[in-house]
Structure formats: C-alpha cells, structure tokens
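> Quick one, what's the 3D model for this:
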Amino acid sequence: MIVSNATPLIYLAKVGKLKLLKIFGEVIIPEEVKVEVVDRGKAMEKTDAYVIERAINEGWIKVSKAELIDIPIELHPGEKAVLSLAKKLGIEEVLVDEKPARFAAKLLGLKPRGTVFVLLKALKEGMMDLDEFLDTLSEMLKHGFRLKEDIIVEAIREAKRIASRKIS
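As a prediction, this is how the structure comes out:
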C-alpha cells in the first residue's frame, strides 16, 4: 500500500504505465490530489486525467480525506495532504517526486519513493524489461517529467544492474 502525490500519477498515465502502480497493491490518494489530477485535468482536457479517473472507478486507486497535520516545511497542498494521510493511515511509503516533499516525508519518518523507483521496482519484478524501462523513462522526459541528469544516469545504471542480474 502506498499514498501517492499527483506527479507520479500524471506521468505514468501520460505514458500508458499507470497500471505499474498496482505493484504496491492499493494506491491511496488524498482528495486534494484527485482534484488536481482528475477534476482540473479534465477541465484542461488532459487525457491522463481520464486514465486516472478510470483507475479510481475500477477501485485500485482509492480517494481518501486527509486531516492535515503540522508539517515544518512549506509544501504544495497536495503534498501536505499525501504526507498527512500516510501518517494518519500508518502507511510508511509515499510516492512523491519533489525534493521538499521528500525531505518532509523523511522528517515525518516516512519513506519517500519517486516515479523512477516505480519503474525500477517494475523492472525488478519482471513487469517490464530494460528496453521498456528506457523507453518509458524517455517518454516521460519528453512529456515534461523533470529529473536532474545525475539522477537519470544513476537510474539507468541501476536498471542495467537489475537487468543483468536477471540474465545471469
């Protein structure tokens, strides 16, 4: 089980890989994230909003109300809701990509995971091969997903290491 912020949902949906999140079993999002990705996304005619809405309707992404807790760092409302919901539900892992949210998660004793972590976990569990990993990462970057160069290099290195273990 994992609580997710908007960015991983949006970019995985944009590249047709939202179902990779099923690797965590249940995915929970706060209402603030649903409004951001589905309601506002549909208003802007973003196709990924409909993909995410379908997952919610299928029941494997659940929307929950977050009672906001005090977080010592200024965060986006969706990020604050994600961390608050994870703490309330006792869920250790949170899917957040932005640096301040990852830092705040650690301060709260949570384990921040990012979109690249999802791809690496899918590779490790045989849900995709190395080529698919590289294609997916490339597609996400083309759609505007932001990652520092050193993180991209490290992700590719890790993916190659995982793939080589499967061969041997």
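> When you work out contacts or count neighbours from here on, use the C-alpha atoms and nothing else.
Fine.
> Please, where are all the strands along the chain?
2-4, 27-30, 61-64, 93-95, 111-113 (DSSP state E).
> Quick one: distance of the first one to the chain centre.
The chain centroid and the centroid of strand 2-4 are separated by 7 Å under C-alpha atoms, centre = their mean, to the nearest Å.
> go on, the third one?
For strand 61-64, the gap between its own C-alpha mean and the chain's C-alpha mean amounts to 14 Å (C-alpha atoms, centre = their mean).
> likewise the last one?
Centroid separation for strand 111-113 versus its chain: 10 Å, with C-alpha atoms, centre = their mean.
> Note down every partner strand of that strand and its orientation.
strand 93-95 (parallel) (DSSP bridges).
> average pLDDT across the partner strand?
In this model, strand 93-95 has an average pLDDT of 98.
> chain center to that strand: distance?
Distance of strand 93-95 from the chain centroid (C-alpha atoms, centre = their mean) equals 8 Å.
> coming back round to it: in CSV, list the strands of the chain along with distance to I162 and mean neighbour count.
Rendered in CSV, the data for the strands of the chain read as follows (distance: least, C-alpha to C-alpha, whole Å; neighbours: other C-alpha atoms under 10 Å):
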stretch, distance to I162, mean neighbour count
strand 2-4, 23, 28
strand 27-30, 25, 24
strand 61-64, 28, 18
strand 93-95, 21, 26
strand 111-113, 18, 20
